[in-house]
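> From the sequence below, what's the structure:
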Amino acid sequence: MRVFGLIDGNSFYCSCQRAFEPRLKHKPVVVLSNNDGCAIARTREAKALGVKMGDAWHIARKRPESQSVVWYSSNYALYADMSRRMYQVLAERLPAVEPYSIDEMFLDLSDLPGNLHERCRQIRQDVADHAKIPTCIGWGPTKTIAKLANGLAKDHAELDGLCDLTDPVVRQDWYCRTSIDEVWGIGRQTKQKLLGAGIETIADFVALDAKTVRQMLTVVGARVQAELRGQSCLPLSDIAATRKSIASTRTFGRLLLKWEEIREAIAHYANRAAEKLR
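Next comes the predicted model:
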């Protein structure tokens with residue numbers, strides 16, 4: 001049976017910073033966007049203190065509960081290098097690895113010898129030992145199910161970072177308990193459309209007639225449903241996807257009220273984006 005896995009670095013940017021400073025292991029850490037504008041990565045400890053994604057640094061750092069937080073400016077060269085290290089560890093141990101984002105990679109777990117759960121546990125340990133990045137792994141018969149399993153492994157501490165959705169019975173149990181918006185490919189507008197039709201859980205969505213899903217959500221929604229039913233529609237790819245957009249962005253580290261300052265920043269970063277395009 002074909003088995004897809006998805007490995008994901010936990011609070012990846014923060015974990016990269018922690019890899020070189022072990023003293024931070026149990027401390028709240030936050031990585032800021034370009035120009036130290038807002039929070040873009042938070043450890044579990046920082047989340048517990050109420051630091052939210054997108055919180056402006058110049059406001060969040062003044063809160064009494066944030067006094068113990070360790071703040072870092074973003075270092076994308078470091079994060080890219082740590083992602084490469086993580087990929088190398090996986091590529092040496094598995095038949096195929098497909099990078100999905102800087103901290104997520106799809107894995108080919110098909111036909112691996114031994115107990116798959118123990119193999120995935122060892123893979124996590126190897127990544128932690130060699131790349132110093134804590135991870136979660138989810139796996140199943142399709143990419144969409146593997147992505148869902150990874151999310152469950154991350155959100156449910158009792159799973160200890162590993163979630164196996166290869167068994168249809170186990171899968172159905174999670175489907176009945178999991179909201180439809182946890183599915184890869186179901187965005188905000190699609191969620192609202194499904195909720196309007198009385199579809200709240202993954203089990204509700206999977207049980208729908210395939211023709212009805214295609215009429216509601218076009219071929220994209222039909223493919224998501226097929227994947228959730230265990231029919232693989234998205235193979236692993238060895239070729240990186242073509243970029244469809246270019247961005248050069250910064251978040252201001254303070255409140256700006258003068259148009260001249262804003263205009264200067266827009267002109268500068270528009271020029272940077274044009275350089276990337278050329």
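> Ala128 contacts Pro134, doesn't it?
Yes - using C-beta atoms under 8 Å, Ala128 is in contact with Pro134, at 5.9 Å. Quick note: C-beta positions are derived from backbone N, CA and C, even for glycine.
> Assumed Leu6 was part of a strand.
Yes - assessed with DSSP: H, G, I helix; E, B strand; the rest coil, Leu6 lies in a strand.
> what bridges to it?
As for beta bridges, Leu6 partners with Phe106, Gly138 under DSSP bridges.
> Excluding residues flanking it in the chain, which one is nearest Asn10?
Leaving out its chain neighbours, the residue that sits closest to Asn10 by C-beta to C-beta, 6 or more residues apart in numbering is Pro134, at 4.6 Å.
> same thing with Ala197?
Counting by C-beta to C-beta, 6+ apart, the residue nearest Ala197 is Met216, at 7.1 Å.
> helix/strand/coil for the one you found?
Met216 - assigned by three-state DSSP - is helix.
> give the contact list for it.
Applying C-beta atoms under 8 Å, 6 or more residues apart in numbering to Met216 gives the contacts Lys193, Leu194, Ala197.
> Quickly note the distance from it to Thr190.
As judged by C-beta to C-beta, to the nearest Å, Met216 and Thr190 stand 9 Å apart.
> Start from the N-terminal end of this protein and give the strands.
Ranges of strands within the chain are 4-9, 29-32, 39-42, 70-73, 97-99, 104-108, 135-140, 162-164, based on DSSP state E.
> what sits up against the fifth one?
Identification of contacts with strand 97-99 by C-beta under 8 Å, 6+ apart yields Ser83, Tyr87, Leu90, Ala91, Met105, Phe106, Leu107, Asp108, Leu236, Ser237, Asp238, Ala240.
> Return the item of those residues having minimum pLDDT.
Least confident of the contacts of strand 97-99 in the model: Ala240, at 49.
> quick revisit: from the contacts of Met216, which land in helices?
Lys193, Leu194 (DSSP state H).
> Quick one: mean pLDDT over stretch 132-140.
97.
> how about the helices of the stretch 151-278 of the chain, start to end?
Assigned by DSSP state H, counting those that start in this stretch, the helices in the stretch 151-278 of the chain fall at 168-177, 188-196, 202-207, 210-228, 259-277.
> pLDDT averaged over the shortest one - what is it?
Here the mean pLDDT over helix 202-207 is 97, rounded to a whole number.
> I would like the residues contacting that helix, please.
Contacts for helix 202-207 (C-beta under 8 Å, 6+ apart): 148, 172, 174-176, 178-180, 182-183, 194, 198-199, 213, 225, 228-229.
> just the buried members of those?
148, 174-175, 178, 180, 182-183, 194, 199, 213, 225, 228-229 (16 or more other C-beta atoms under 10 Å).
> Can you lay out the strands of the chain as a markdown table showing mean neighbour count and distance to Gly50?
Formatted as a markdown table, those follow (neighbours: other C-beta atoms under 10 Å; distance: least, C-beta to C-beta, whole Å):
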| stretch | mean neighbour count | distance to Gly50 |
| --- | --- | --- |
| strand 4-9 | 26 | 23 |
| strand 29-32 | 26 | 11 |
| strand 39-42 | 20 | 10 |
| strand 70-73 | 16 | 15 |
| strand 97-99 | 19 | 33 |
| strand 104-108 | 21 | 26 |
| strand 135-140 | 26 | 23 |
| strand 162-164 | 22 | 28 |
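> Columns distance to Gln122 on top of these, output as JSON lines?
Conversion of the strands of the chain to JSON lines gives the following (distance: least, C-beta to C-beta, whole Å):
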{"stretch": "strand 4-9", "distance to Gln122": "12"}
{"stretch": "strand 29-32", "distance to Gln122": "27"}
{"stretch": "strand 39-42", "distance to Gln122": "27"}
{"stretch": "strand 70-73", "distance to Gln122": "30"}
{"stretch": "strand 97-99", "distance to Gln122": "16"}
{"stretch": "strand 104-108", "distance to Gln122": "13"}
{"stretch": "strand 135-140", "distance to Gln122": "10"}
{"stretch": "strand 162-164", "distance to Gln122": "11"}
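> Arg23 is nearest to which of those strands?
With C-beta to C-beta as the measure, strand 70-73 is the member of the strands of the chain nearest Arg23 (9.4 Å).
> Partner strands of the closest one, with direction?
Neighbouring strands of strand 70-73 in its sheet, by DSSP bridges, are strand 29-32 (parallel).
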